[in-house]
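Enquirer: Build the 3D model from these lines:
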Amino acid sequence: MSAEITQLNKETTYRIAGGKVGVLLIHGLCGTPAEMRFVAMGLARAGYTVHCPTLAGHGATRRDIINTTWQDWYLSAETALDEIRKDCDTVIVGGLCLGSIIGLHLAANNRDKVQGLALFSPALWINGWAMPWYTKLFSLVRVRWMANLLQFPDAASLGIKCPRVREFVRAALAASDGSGLGTAGTPGAMLLEHHRIVSAAKKILGKIDQPVLIVHSREDDYANLNNAAYVQANLGAPADLVVLEDSYHMVTLDKERHVVVEKTRSFVERIAASVSATVAGDAEAMEAA
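Expert: Model (predicted):
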């Protein structure tokens, strides 16, 4: 397995070559694949192929991102799914926050291409303890021109409980043009598109019957734990829920990131073994016939 990272042009998209089992990791809203790097490297060390795409409009300027819709984000993720399927027979999709919502759509619409889902801090509602009270009022906004008048600042916590990591990210955001760790704050238009992709996702939850792992923090400052509970209760098949006790929203970067890697690695291993057993059983049945 080669752990060499291939950079694509000036994008932050990267790929790590591995075996025939692949993991597609999708970053969050106004973020970049840097959010997924620790998990990606942990999975790569286990021998898996890992792709971390940059969603449409992300990793560039604020003007670029506000000119996109949730359908643009989804299509860029679906293109990445098609790419990793060229190298892998089994694919698990993992996503952080918005990335997990996109993962739900990918699983529902590509049942033959997605064998499992790992959802990190799924955010159906922006209702964590650090969110300002007026965030709830944004649900009244229905049109983009009005949404474009609004800007939502990042929480002081930045979704990270670990002080050392939080200060590193804060300094990087202050010095960034948006291509490294993403943009500071969330434009209102992007929050509106988030509401729209969530509304669409709620309608297809029952179609998803692939194995699902949900990792969510009890202290999530952006998205309350009830987000994970809702997803788990409405999926088309039982899902495993891991509740973290010492992290905030950005579980792939925070204090328990090693736990996230280990739980995800075990989940991927279990799916890969199940797929292999099914293939072997089908081969035996064909020989017997």
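Enquirer: So what sits opposite S217 in the bridge?
Expert: For S217, the residues forming beta bridges with it (DSSP bridges) are L244.
Enquirer: what pLDDT, on average, does stretch 163-171 get?
Expert: Per-residue confidence for stretch 163-171 averages out to 92 on the pLDDT scale.
Enquirer: what's next to that stretch, contact-wise?
Expert: When contacts are defined by C-beta atoms under 8 Å, 6 or more residues apart in numbering, stretch 163-171 is touched by residues 157-158, 160, 181, 253-254. C-beta coordinates here come from the backbone N, C-alpha and C atoms, glycine included.
Enquirer: Can you mark which positions in stretch 226-242 are buried?
Expert: By neighbour count on 16 or more other C-beta atoms under 10 Å, the buried set for stretch 226-242 is 227-228, 230-232, 235, 239, 241-242.
Enquirer: What score does A155 have for pLDDT?
Expert: Among the per-residue scores, A155 shows a pLDDT of 89.
Enquirer: which ones are touching it?
Expert: Contacts here follow C-beta under 8 Å, 6+ apart; on that basis A155 touches 128, 130-131, 221-222.
Enquirer: from those, which is closest to L75?
Expert: For the contacts of A155, the minimum distance to L75 (C-beta to C-beta) is 25.1 Å, reached by Y222.
Enquirer: which element is that closest one on?
Expert: With elements taken from DSSP states H and E, nothing contains Y222; it lies in neither a helix nor a strand.
Enquirer: quick one: it and W125 touch, right?
Expert: No: proximity of Y222 to W125 does not meet the contact threshold set by C-beta atoms under 8 Å, at 9.8 Å.
Enquirer: Strands of the stretch 1-150 of the chain, residue ranges please.
Expert: Counting by DSSP state E, counting those that start in this stretch, the stretch 1-150 of the chain forms strands over residues 5-7, 14-16, 21-26, 49-52, 90-96, 116-120, given from the N-terminal end onward.
Enquirer: what about the helices in the stretch 151-289 of the chain?
Expert: Using DSSP state H, counting those that start in this stretch, the helices found in the stretch 151-289 of the chain span residues 163-175, 188-202, 226-234, 257-288.
Enquirer: Throw those into JSON lines and include distance to I26, thanks.
Expert: What follows is the helices of the stretch 151-289 of the chain, written out as JSON lines (distance: least, C-beta to C-beta, whole Å):
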{"stretch": "helix 163-175", "distance to I26": "19"}
{"stretch": "helix 188-202", "distance to I26": "12"}
{"stretch": "helix 226-234", "distance to I26": "15"}
{"stretch": "helix 257-288", "distance to I26": "13"}
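Enquirer: Good, wrapping up.
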